[in-house]
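[1] everything below, folded, please.
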Amino acid sequence: MSAYHSSSSRVPPMLTLYDIPGQTPQPWAPNIWRIRFILNFKRLRYRTVWIDFPEVESTLASMGAPPSGVGSSGKPIYTLPVLVDPTNNPRAPKVLSNPNVIAEYLESAYPARPVFPEGSRAMQTMFVHYIQDVFCKPLLPIMVPLSHQQLPERSQAHFRGGMPTVLTGPQRDMAWKAVKDQFDFLAAILDKNTGDGDGVVAMGYDVSYTDFALCSVLIWIQRMAAQDGWARVRTWNGGRWQRLWERCREYMDEM
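    Below is the predicted model of the structure:
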């Protein structure tokens, strides 16, 4: 449950966020952290329900969650995060999937403390798309195998046989070089705010959805590759990414 709660005598219903545990029930998945950041920032009451990978499809299908897509065989694909909001109708709560859909919903349904400052929604949506589809791409060969190693045994077995091996030696060094190239490029873009912001966040002075999407990636690296990954990333670009982490820290409630 979020540490934030209403002081009103009429406590609103609690939202439910469905998440994937690692070896301990500690959030790590970047797409889900994006939603957790928004819930914490907006000071919404919520609880976390943990689902191991083997139960994701059956659990989400049984609760009527929208599938994330359709596989080549025509079978629906179910992924997390999923958010359940009983606020308007506890008997028929709203069930949402896909982090972008959930983010848009939370901004519309709970407009206080906006994560999309006025006039920024299109720009931020494009920026988050870039983070997902371009910025994170060289991280996948490193982070996916490392993340798999730190899942519960049942979840590891669910993917066994189709999981790439952990990179070592020169392959690992080359992969991290490709990651640093992306961080360097993004730092150069964000540096254009120099003199017109605090030098840390994307929108100048206030944290926004873009910062949460980016910090979610930093959390993924820190949780799954603390020594080989976060130890180097936090020093890149003059410590910019450590400063972003610190700026977002107050919204890192995990319960």
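[2] what about the helices in the stretch 151-255 of the chain?
    Residue ranges of the helices in the stretch 151-255 of the chain, as given by DSSP state H, counting those that start in this stretch, are 153-159, 169-190, 209-224, 231-233, 236-248.
[3] so which elements touch the third one?
    So the one you mean is helix 209-224. Based on contacts counted as 3 or more CB pairs under 8 Å, 6 or more residues apart in numbering; DSSP states H and E, the elements that helix 209-224 packs against are helix 30-41, helix 121-130, helix 140-149, helix 236-248. C-beta here means a position set from N, CA and C on the backbone, and glycine is covered the same way.
[4] nearest to residue 55, out of those?
    Between residue 55 and the helices and strands packed on helix 209-224, the shortest gap by CB to CB is with helix 30-41, which sits at 15.5 Å.
[5] and the residue nearest to residue 41 when sequence neighbours are not counted, what does it touch?
    Nearest residue to residue 41, sequence neighbours excluded (CB to CB, 6 or more residues apart in numbering): residue 251, at 4.9 Å. The contact partners of residue 251, by CB atoms under 8 Å, 6 or more residues apart in numbering, come to 37, 40-41, 207, 212.
[6] let me know the helix or strand that residue 83 is in.
    Taking DSSP states H and E as the definition, one finds residue 83 inside strand 82-85.
[7] centre of the chain to that strand, how far?
    Using CA atoms, centre = their mean, to the nearest Å, the mean C-alpha position of strand 82-85 is found 15 Å from that of the whole chain.
[8] can you list the strands that the helix or strand just after it pairs with?
    The element immediately downstream of strand 82-85 (helix or strand, assigned by DSSP H and E) is strand 94-97. Here the strand partners of strand 94-97, with direction, are listed using DSSP bridges: strand 82-85 (antiparallel).
[9] alpha carbons only: can I get the strand it pairs with in PDB?
    Written as PDB, here are the backbone C-alpha positions of strand 82-85 (Å, rounded to 0.1, in the frame of the first residue of the first chain):
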ATOM      1  CA  VAL A  82      -2.600  -4.200 -14.600                       C
ATOM      2  CA  LEU A  83      -4.400  -1.600 -12.500                       C
ATOM      3  CA  VAL A  84      -7.800  -2.100 -10.900                       C
ATOM      4  CA  ASP A  85      -9.700   1.000  -9.900                       C
END
